[in-house]
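S.K.: Predicted model and sequence follow; I will ask about them next.
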Amino acid sequence: MSGSPDAEAAALDAYSRVVVGVADRLRPSVLALRVSRPTRAGRRPAGAGSAVVLSADGLALTNAHVVPAGADGGRAWTPDGDDRAFRVVGRDPLTDLAVLRVEGLGLAPAELGDASGLRIGQLVVAIGNPQGLAGSVSAGVVSALGRTLPARAGTASRLIDDVIQTDAALNPGSSGGALADAHGRVVGVNTAVAGVGLGLAVPVNAATQAVVATLVARGRVERAHLGIAGGRRPLPPAGWGRWGRRDAVEVVDVMPGGPAARAGLRPEDVLVEVDGRRVDGVPALQALLDGGAVGRALDLVVLRAGRELRLRAVPEALEVDGA
């Protein structure tokens with residue numbers, strides 16, 4: 001049974017007020033970028049996109065793919081036409097995040113939210129610069145949560161986890177822009193168009209903010225690796241009694257001469273525990289392989305042909321080409 005015309009009009013009016021309020025609050029905090037790289041003949045264009053202002057003294061957040069390897073800066077515009085130079089502070093292709101330093105003071109910083117509190121169906125507003133249209137606003141809902149997005153840098157690859165899917169319209173140039181909740185808090189950084197009417201955003205959460213802090217301090221993120229390719233799989237019945245019916249990580253391939261190969265790991269092994277912590281998928285394994293794991297012996301529990309084995313591996317630093 002449909003509602004009355006007055007009720008529908010009131011609902012639409014309330015929806016419009018929310019979107020307008022978010023746009024008014026957040027548009028000054030979203031910059032348009034023209035990215036360039038140095039060459040022998042001067043500077044050449046290297047791309048375009050958007051960025052979200054983090055601090056009044058010029059820190060801004062965008063996607064790593066907006067500022068590709070070799071690009072060291074460019075120009076940034078506010079919606080009112082203020083034109084400033086920026087430089088790249090650091091980039092992390094494996095989370096598709098980069099931090100910029102924009103010249104001058106007086107920028108309007110956005111308020112960061114926490115994507116872990118989002119719910120499917122919740123209203124979100126996307127602000128960016130699609131097709132060069134500065135300060136463009138679109139609205140929609142969170143259409144899915146917990147998506148993963150493959151990221152690659154040279155031979156290194158990683159899954160970006162907890163990616164937000166939205167039906168708010170995203171187009172080329174939206175990358176690096178803000179995905180905000182109804183209070184105008186930035187809960188995601190728009191990163192990709194997943195298909196007709198679908199966009200993806202890297203979540204703003206504790207892990208994202210840790211990456212940003214590391215990029216500000218060091219310019220890059222150090223990670224460890226075991227030298228395996230793996231994927232999520234259900235735990236074999238032989239392991240249910242001890243480990244429960246949660247998923248684990250199946251070893252699909254082992255890099256010759258790498259940490260896993262030296263430890264005795266083989267393809268088709270099922271990795272259940274690392275350093276005393278249960279791993280139920282690739283994101284859980286990635287979370288354990290931060291920079292602090294480099295050179296530190298980790299105890300592994302694997303299932304092989306129904307038998308439980310205990311191995312020890314020493315992760316190495318993950319070399320990221322073009323970071």
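M.R.: Thanks, I have it. Numbering: from 1, shown residues only.
S.K.: Just the element for residue 37, please.
M.R.: strand 30-39 (DSSP states H and E).
S.K.: Give me the sheet partners of that strand and which way each runs.
M.R.: strand 42-53 (antiparallel), strand 73-77 (antiparallel) (DSSP bridges).
S.K.: Adding mean neighbour count and mean pLDDT, write the ones you listed out as TSV.
M.R.: Glycine gets a C-beta too; all of them are placed from N, C-alpha and C. TSV is the format used below for the strands paired with strand 30-39 (neighbours: other C-beta atoms under 10 Å; pLDDT from 0 to 100):
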stretch	mean neighbour count	mean pLDDT
strand 42-53	20	93
strand 73-77	20	95
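S.K.: Ok, which of these comes nearest residue 215?
M.R.: Of all the strands paired with strand 30-39, strand 42-53 sits nearest to residue 215, with 13.3 Å by C-beta to C-beta.
S.K.: Moving along the chain from that closest one, name the first helix or strand you hit.
M.R.: Per DSSP H and E, the helix or strand that comes after strand 42-53 is strand 59-62.
S.K.: mind checking how far the most centrally placed residue in the chain is from residue 165?
M.R.: Geometric centre of the chain, nearest residue: residue 202, 3.5 Å, by C-alpha atoms, centre = their mean. For residue 202, the distance to residue 165 equals 12 Å [C-beta to C-beta, to the nearest Å].
S.K.: I'd like the domain boundaries of the protein, if you could list them.
M.R.: 115-207, 224-317 (automatic domain parsing).
S.K.: average pLDDT across the last one?
M.R.: In this model, domain 224-317 carries a mean pLDDT of 90.
S.K.: Endpoints of it, how far apart?
M.R.: Terminal residues of domain 224-317 lie 5 Å apart, using C-alpha to C-alpha, to the nearest Å.
S.K.: how far does it sit from the chain's center?
M.R.: From the chain centre to the centre of domain 224-317 is a distance of 24 Å (C-alpha atoms, centre = their mean, to the nearest Å).
S.K.: Select the longest helix from the chain.
M.R.: Counting residues, the longest helix in the chain under DSSP state H turns out to be helix 5-26.
S.K.: Could you list every helix and strand in contact with that helix?
M.R.: If contacts are counted by 3 or more C-beta pairs under 8 Å, 6 or more residues apart in numbering; DSSP states H and E, helix 5-26 sits against strand 123-128, strand 136-153, strand 178-180.
S.K.: List of residues touching the last one?
M.R.: Residues outside strand 178-180 that contact it (C-beta atoms under 8 Å, 6 or more residues apart in numbering): 22, 26, 29-30, 50, 52, 110, 113, 124-128, 164, 166, 168, 186-190, 201.
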